[in-house]
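> Sharing a sequence plus its predicted fold:
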Amino acid sequence: MPVTRRTLIVSSLLAAGLLVGCGKKTETDSDTLVVKIGSVAPLTGPQAHIGKDNENGARMAVDEINAQGLELGGKKIQLMLIGEDDQADPKTATIVAQKLVDQGVQAVIGHLNSGTTIPASKYYHDAGIPQISPSATAIAYTAQGYKTAYRVMANDEQQGRVLGQYAVTGMGAKRIAVIDDRTAYGQGLADEFEKAAKAAGGEIVAREFTHDRATDFTAILTSIKGKNPDLLFFGGMDPQGGPMAQQMKRLGLSAGLLGGDGLQNVNFIKLAGTDAEGVTASSPGLPLEAMPGGPDFKAKFEAKYGVIQVYAPYAYDAVHVLVAAMKRAGSSDPAKVLAELPNTDHQGVTGQLKFDQKGDTQGGAVTLYRVKDGQWTVLETVQ
Amino acid sequence: MDIFLQQLINGLVLGSIYALVALGYTMVYGILELINFAHGEVTMIGAMVGLTVIGLIMGLAPDLPGILVVLGGVLVAIPACMLLAYSIEKVAYRPLRKAPRLAPLITAIGVSIVLQNVAMLVWGRQYISFPRILPEGQYELLGAHISYLQIFIVVLSLSVMASLWFLVQRTRLGRAMRATAQSKEVAALMGVDVDRVISATFLIGAAIAAVAGVMVSAYYGLAHYYMGFMLGLKAFSAAVLGGIGNIAGAMLGGMLLGIIEALGAGYIGDITGGFLGSHYQDVFAFFVLILVLVLRPSGLLGERVASRA
Amino acid sequence: MLDGLRRHPTLVFIALGILLAVLPFLTGATLGNSWVRVLDFVLLYIILALGLNIVVGYAGLLDLGYVAFYALGAYLYAWLASPHFGIHLPFWAVLPLGAALAGLFGVLLGAPTLRLRGDYLAIVTLGFGEIIRIFMNNLDHPVNVTNGPQGINQIDPVSLGGFAFAGRHEVLGMTITGPYFYYYLFLAFTLASIFIAMRLQHSRIGRAWAAIREDEVAAAAMGINTRNVKLLAFAMGAAFGGLAGGLFASFQGFISPESFNLWESILILCMIVLGGMGHIPGVILGAILLTVLPEALRYIGDWQRAALGHVVVDPNDLRMLVFGLALVLMMIYRPAGMIPSRQRKREFAAEDGVAEQEQASLYDTKA
């Protein structure tokens, strides 16, 4: 049976290769200690562009810290970022989480989606490794009671509340239509928005749905047009928001468009073109331009990796929050770092970062922006 | 009324796009009985190549009218896609022509994964925006809006179908195609060069895919390496709905699917009193598809009873 | 050497048994605990592939919506053993229910599609798979049944007599974690599945399936009740899927509709076609290969570092590309699968005179 024999040879070669791959110790200078940090996001599939952006944000922070030189407890530290792909798939996410734990990472920056962050958090929790997600916003993530789960991004409830209130009181909207993309992010944000808008006295005249690979929204927009709203809220990301803004114009739907952090990025303006004018969107934290080091971060990032997609600044801040905790602890030991993380008070490029007891950002500010002359301009920051 | 009319227009345009892509599926299936899963990806490559060329032309001759620029993009995308489809057929499908039924299907899935990832390496992970250089005017019809581009897409799709029908029914190549579809062996005995006919089928399908790809990205204003998957899936469903292997069927299936989706998303909430909403748009579409197939097992216009599993 | 082994089947069985028994510890010690998880998923996918093989391989019904049954099993487990509804039934009660529910849906899908063949059936089953996923994604409203896209969290791990399969346990002085326990649980279910699949294949029903696959009209003429036999294939295959779904839910502790997309169905189909349709060893090999390959390809970066000193190409750029290429190449060079069944090999060879000669040299028929 030649089949089996060949298969055997192939698989043993494969296994041997794996052993070589794993067994190879990272070469270091004798007095430098390598501290591994994991970064997980989808790097293939439909969300790969946002995933790579997260990794780039984290990588930039790691490179900067390494260039400056980091010392913990008298030892020189070299940070090593291990970037992994979870394909936005919950099953793959748990395998990757276990792989990172096996590789002895001291902390993890990730994951990107709530759907992967939640199942993975169990493994970091079991291993006692701090996990800081730059972008997972589902409330459930930090509600599990894990002392290892943190995020540097306002959760759905925090951001949805600000958006809902602002829609009614700030924009004077009375009849509001809501669309979400049926992802954990879009649905979570839209639900919280709806609650807050109703509480503030707005009327929800339509609730429509799309999905995160759709490009044609004419049917739901036409249906919404028939309900005469004066504001349309979209819980979702820029690849849908861009064409949606265009199709609204084309259909003669005159309601304003409001979105969350998924829309508040340069890509949205590129995709919506001139129809982006007047669109309002929020982003947790303070405007990058207003923060010390913010414009500098933006310039450096864009020179190195190109335009910021969405969450790179949050990933960047997440690494700095982590390293600050390491410095206070004088060690990279996960247990000691975990003890220090609650005391975080970090001046990041996205805002002043403090954690509450659950690991959410405390009193996180949310800033509202509007597109004016093809640029996001700050409207106001809500505390 | 204006809302209903608008939904019909929405569905018609969406349906024309499905139909354009479905034509490629149906032609290949008609001859090889192969679900060419990679066809959606060929469409994506068409969009990507077209966009790249459009960017180049805009850099070289910024004053050129938009229509000419897009035409330039399409003219390069067509041969690029043809070359690609020709190579795919030659390298990946031809060696498997005698293989068990599902083997080429898996190969097609493999090819489509490869194309996606190559496109990701070449064009990056970002969504690429389509420059807004085409004339953007629109007509108003009883309160419904229809833009120039929408009209163009519908007309284009109808004329492509008509020419294809002419090609298959009235030309030598078309006769050879029909003969090959009936029986490769007998066609070969009658002097038909089967390999050439199959290559020609892939080439024609790819040329239509290239046009469809550029049109889709112009219409929605973006392109992405993953865009072919959903589009391909919907187009394939459309082809089956109309009766796969049948050119008019692909057109009818595409149009119907588009209109069903638009009306479904638009009215499902009102019909069910808010119990089901537009998130069941695809459920609605698939439900109609299943219903049609259960009642007419070979699609609306399909005649041949598929006998092989 | 292989002939020698064949003469002593008991020895082979004992050796295989010992290997399977120590495999997780061997893997954990050499490759790390993440590979024990991969092993668990390999077993899970073997169950899934065996189930789909009943429908596609035995009965010849092309099913592209198989993941729907996997989803039903997983969601039923989550409903009956998590804080979502506050119900906490033990696993031995929930798993059979999940298999039964999936089986029932298998019949529901099968009944209206009995007249469809080939690709029409494929598209209908694909639609069915999508419909189930879309319902799971949206049934958080008006009544919260599935918790929508947020998924269901904190699903109970399997526990036997108060011994939970999750977390850490001290056994004989060793610390053992969840994936190790699940390995043995999954292994037991996998072996049972293999046993059932083998018995089915050679049973009356199995022969009836083969008859339908080869020629439905002739099968009906021979007195086979094609309707019932086909429905049985759908139900049996679906039950395997439902069982695997329940195991998956308890193992992961969290499920959301993202886990049950069309891609999963395609992947499972690839496993059985790649391995050798209708042939159990082939199906198992396919499941192993396609589960291990993408994970092994994560090490492209490490291999580069070992060979060249630094990472030239980002492994994540190449991983899926290599996976796709592997699918294409394997099919071109082994169109009947890695280990085709003897019967299929013959069929394949008999279709064409030229192919027959080629095949004769390709597959050493002496084996």
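Alright, I've got the coordinates. Please read these numbers as outputs of a predicted model, since none were measured by experiment. Residues are numbered from 1 along each chain as shown, chains lettered A, B, ... in the order given.

> so A:Gly260 touches A:Phe268, yeah?
No: at 11.2 Å, A:Gly260 does not count as touching A:Phe268 under the criterion of Cβ atoms under 8 Å. (Glycine included, C-beta is placed from N, CA and C.)

> So if I had to pick from these two, which one is more boxed in?
Neighbour count, other Cβ atoms under 10 Å in any protein chain shown: between A:Gly260 and A:Phe268, A:Gly260 has more, with 31 against 26.

> which residues do A:Gly260 and A:Phe268 both contact?
A:Ala281 (Cβ atoms under 8 Å, 6 or more residues apart in numbering or on different chains).

> what's the neighbour count on residue 242?
By default, I'm working from chain A. Neighbour tally, A:Gly242, other Cβ under 10 Å: 27.

> Oops, wrong one, chain C.
With other Cβ under 10 Å as criterion, C:Gly242 counts 33.

> ditto for A:Gly202
When counting by other Cβ under 10 Å, one arrives at 25 neighbours for A:Gly202.

> Tell me how far the closest residue in space to it that isn't next to it in sequence lies from A:Thr367.
With Cβ to Cβ, 6 or more residues apart in numbering or on different chains as the criterion, A:Gly202 has its nearest non-adjacent residue at 4.2 Å, and that residue is A:Val168. Per Cβ to Cβ, to the nearest Å, A:Val168 is found 18 Å from A:Thr367.

> again, but for B:Ile67
B:Ile67 is 41 Å from A:Thr367, by Cβ to Cβ.

> again with B:Leu32
Applying Cβ to Cβ to B:Leu32 and A:Thr367 gives a distance of 57 Å.

> More neighbours: those two, which one.
A:Thr367 (24 against 20).

> check which helix or strand covers the nearest residue to that one once chain neighbours are set aside.
Once flanking residues are discounted, A:Thr367 sits nearest to A:Thr381: 4.4 Å by Cβ to Cβ, 6+ apart. Counting by DSSP states H and E, the element that carries A:Thr381 is strand A:375-382.

> Distance from that strand to the middle of the chain?
Relative to its parent chain, strand A:375-382 has a centroid offset of 20 Å by Cα atoms, centre = their mean, to the nearest Å.

> Ok, stretch A:236-250 next?
That offset, for stretch A:236-250, works out to 21 Å (Cα atoms, centre = their mean).

> Give me the neighbour count for residue 139.
Just going to use chain A. That count, for A:Ile139 with other Cβ under 10 Å as the rule, works out to 17.

> To clarify, I was referring to chain C.
16.

> go on, B:Val216?
B:Val216: 25 surrounding residues under other Cβ under 10 Å.

> same question, the one 4 residues further on
A count of nearby residues for B:Tyr220, using other Cβ under 10 Å, gives 23.

> before we move on, what about A:Gln78?
17.

> just A:Phe234 next, same as before
The local packing of A:Phe234 (other Cβ under 10 Å) involves 30 other residues.

> repeat for the one 5 residues further on
Other residues near A:Pro239 come to 28 when the count uses other Cβ under 10 Å.

> where does it land on pLDDT?
The model reports A:Pro239 with a pLDDT of 93.

> Does it touch A:Leu271 like I think?
Yes: contact criterion Cβ under 8 Å: A:Pro239 and A:Leu271 qualify, at 6.8 Å.

> list the residues that contact both of the two?
Common neighbours of A:Pro239 and A:Leu271 (Cβ under 8 Å, 6+ apart) are B:127, B:222.

> wait, is B:Val74 part of a helix?
Yes: counting by DSSP: H, G, I helix; E, B strand; the rest coil, B:Val74 is found in a helix.

> Spatially nearest residue to it, not counting backbone neighbours?
B:Val74's closest residue in space is B:Val214 (Cβ to Cβ, 6+ apart), at 5.0 Å.
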